[in-house]
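Whatever this is, show me its structure:
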Amino acid sequence: MAEMGREARAAARVLATAPRARKDKALLAAADALLAAQDAILAANARDLDAAKANGAAAAFIDRLTLDGPRIAGIATALRDVAGLADPVGTEIARWQRPNGLDIARVRTPLGVIGVIFESRPNVTADAGALCLKAGNAVILRGGSDSFFSSRAIHGALVEGLKAAGLPETSIQIVPTTDRAAVGEMLAGLNGNIDVIVPRGGKALVARVEKEARVPVFAHLEGIVHVYLDKSAALNMAVEIIANAKMRRPGVCGAAETLLVDRAAVETHLKPVLDALAARGCRIRGDAEIQAAIAEAEPATEDDWRTEYLDAIISVKLVEGIEGAIDHIQRYSSSHTEAVIAEDPAVVEAFFNRLDSAILLHNASTQFADGGEFGFGGEIGIATGKMHARGPVGVEQLTSFKYLVRGTGQTRP
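Numbering: from 1, shown residues only. Purely as a prediction, here's the structure:
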């Protein structure tokens, strides 16, 4: 691990001044290598899937872990999309001139070496590697044991891309062991060679990272995602949005976990929405009123409002309009993503102005909480903190900045 840190630091020095053309060449060559290695990647993924199924993994977990031809093609497309993004390194954020004639510019600069610790989703290997490279950073990846073989196979394609572009192969490294001690070494900073840690995974992983890290962390907390259904919502739109927000892919961090329904909308909206969820195989948990509305509903407990299911389960609660929704979200939210479905502009304004989660949506599925959907080409994760990066972490969020001050002989009196 110490050697990986030293090699990453050396690679970061090269990447900091690498021209866009070489970084893009590496990404495009990696996309080609990924497609060429599809059979090997699927074979590696099969090993991971067999182990997960033998361990009794939930269906949503299996979905996150599974690769197939279309998903591999999607990963390759994401690599090409990142290559097509503007190079953030060296771009001027702001520029001004002082009365004494000093010219001051603030420009983007790479962070250096980034450690990414993630679980179960092997596509993160490519997303994180590509975004870090584009932003001029070296990266050390530590995937979960569940996706160990899949991630290593994808990493091999990234290395082929680096070789094709003449960039250091150690620009993107992957920890070659499932030993949890490796995580501890990364959190300690690898002798000062890691500049920032990005955790992407469950509550236990993020809690460990935040407790033990000796370097800055871009926190990616659990996605306790809320949807508020207002009485002013268009019914057909609400049915489609809520079904998609929960059931498109229940195991992603942007999946809705709690549905809050305006009590004034019970007669018109509640049953059609819950029926649509149930028809798609979603289990519904709610209080006595919810159970009376739909026979399949199960009793909800206090813990349900604090749970990220990552499965085909949703908790449902009646609230007293937008005020009740805001009160509930402020109490239980993980500051990840929330959505409001409403036609009343005053309701939308209150929702946007008074809630402070990283992503707020109006009349759109929470499954759009994704860097690729934001036009970032991908993401390392959704940062829920308020320092430096927030929301989808893409190439710009993987840079810092420095000041370039140009003078003509000025001295300070």
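
Quick one: the helices in the stretch 151-300 of the chain, in order.
181-187, 203-212, 235-247, 271-279, 288-293 (DSSP state H, counting those that start in this stretch).

Could you pull up the mean pLDDT of the shortest one?
If I follow you right, that is helix 288-293. Here helix 288-293 scores 87 as its mean pLDDT.

Same question for the third one.
The pLDDT scores in helix 235-247 average 98.

and residue 361, that's in a helix?
No - counting by DSSP: H, G, I helix; E, B strand; the rest coil, residue 361 is not part of a helix but strand.

ok, so what distance separates the residue nearest to it when sequence neighbours are not counted from residue 254?
Setting aside the residues directly before and after it, residue 361 is nearest to residue 339 in space (Cβ to Cβ, 6 or more residues apart in numbering), at 4.1 Å. All C-beta atoms are positioned from the backbone trio N, CA, C, and that covers glycine. For residue 339, the distance to residue 254 equals 10 Å [Cβ to Cβ, to the nearest Å].

Between the two, which has more neighbouring residues?
residue 339 (29 against 23; other Cβ atoms under 10 Å).

Next up, the contacts around the more buried one.
225-228, 241, 245, 256, 360-362, 364-366 (Cβ atoms under 8 Å, 6 or more residues apart in numbering).

same check, this time on residue 266
289, 293, 318.

go on, residue 265?
Counted by Cβ under 8 Å, 6+ apart, residue 265 has contacts 229, 230, 231, 233.

between the residues you listed, which is closest to residue 304?
residue 229 (17.5 Å; Cβ to Cβ).

you'd agree that closest one is up against residue 274?
No - applying Cβ atoms under 8 Å, one finds residue 229 not in contact with residue 274, separated by 10.6 Å.

Of the contacts of residue 339, which count as buried by neighbour count?
225, 226, 227, 228, 241, 245, 256, 360, 361, 364, 365, 366 (16 or more other Cβ atoms under 10 Å).

can you redo the residues you listed as a markdown table with distance to residue 151?
What follows is those, written out as a markdown table (distance: Cβ to Cβ, whole Å):
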| residue | distance to residue 151 |
| --- | --- |
| 225 | 26 |
| 226 | 32 |
| 227 | 32 |
| 228 | 37 |
| 241 | 33 |
| 245 | 28 |
| 256 | 28 |
| 360 | 32 |
| 361 | 31 |
| 364 | 31 |
| 365 | 28 |
| 366 | 27 |
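
for those residues, which one is nearest residue 68?
The closest of these, once distances to residue 68 are taken by Cβ to Cβ, is residue 365, at 22.9 Å.

contacting residues around that closest one?
241, 244, 245, 248, 339.

distance of it from residue 240?
For residue 365, the distance to residue 240 - Cβ to Cβ - is 8 Å.

could you list every residue that touches residue 218?
Residue 218 touches 196, 197, 198, 199, 380, 381, 383, 385, 388, 389, 393, 397, counting by Cβ under 8 Å, 6+ apart.

try 6 Å this time
Taking Cβ atoms under 6 Å, 6 or more residues apart in numbering, we find residue 218 in contact with 198, 383, 389, 393.

Count the neighbours of the residue nearest to residue 318 when sequence neighbours are not counted for me.
In space, and not counting its chain neighbours, residue 318 is closest to residue 263: 4.9 Å by Cβ to Cβ, 6+ apart. Using other Cβ under 10 Å, residue 263 has 14 other residues around it.
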